[in-house]
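Trainee: Quick one, what's the 3D model for this:
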Amino acid sequence: MGKKFVDCAALTIGIIGAINWGLIGLFQFDLVAFIFGEMSWLSRIIYSLVGLSGLYLLTFYMGICNSEE
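Mentor: Prediction:
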């Protein structure tokens, strides 16, 4: 389990979060709340993982910007 695994996991969680936000915006349907319950401990963990993944994915911008210079 190296950096590639963490990158892929963060990207997958980020995509899941983006799809969930798209469903909320377009259809007012929260898939995470539907599956795991409205603010249950499990849904809170999933929301936290999505947030942490988003913060981690910000480091991708640093890599892209540094490689262009």
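Trainee: When you work out contacts or count neighbours from here on, use the C-alpha atoms and nothing else.
Mentor: Will do.
Trainee: residue nearest the centroid of this protein?
Mentor: Gly14 (2.5 Å; Cα atoms, centre = their mean).
Trainee: What distance do you get for that residue to Asp7?
Mentor: From Gly14 across to Asp7, the span is 10 Å (Cα to Cα, to the nearest Å).
Trainee: Also Leu23?
Mentor: For Leu23, the distance to Asp7 - Cα to Cα - is 24 Å.
Trainee: cool, Thr59 as well?
Mentor: According to Cα to Cα, Thr59 stands 10 Å off from Asp7.
Trainee: now Phe29, what's its secondary structure?
Mentor: coil (DSSP: H, G, I helix; E, B strand; the rest coil).
Trainee: was I right about it contacting Ile35?
Mentor: No - contact criterion Cα atoms under 8 Å: Phe29 and Ile35 do not qualify, at 11.1 Å.
Trainee: Pick out whichever of the two has more residues nearby.
Mentor: Comparing Phe29 with Ile35 by neighbour count (other Cα atoms under 10 Å), the higher total belongs to Phe29, at 14 against 10.
Trainee: need the contact list for that one.
Mentor: Leu23 (Cα atoms under 8 Å, 6 or more residues apart in numbering).
Trainee: where does it fall, phi/psi-wise?
Mentor: Phe29 adopts backbone torsions of phi -120, psi 120, taken as degrees, to the nearest 10.
Trainee: Check Gly37 too.
Mentor: Dihedral angles for Gly37 - degrees, to the nearest 10 - are phi 100, psi 150.
Trainee: Kindly state the pLDDT recorded for the residue nearest to it when sequence neighbours are not counted?
Mentor: Excluding its sequence neighbours, the residue lying closest to Gly37 (Cα to Cα, 6 or more residues apart in numbering) is Ser43, at 6.7 Å. Model confidence at Ser43, expressed as pLDDT, equals 93.
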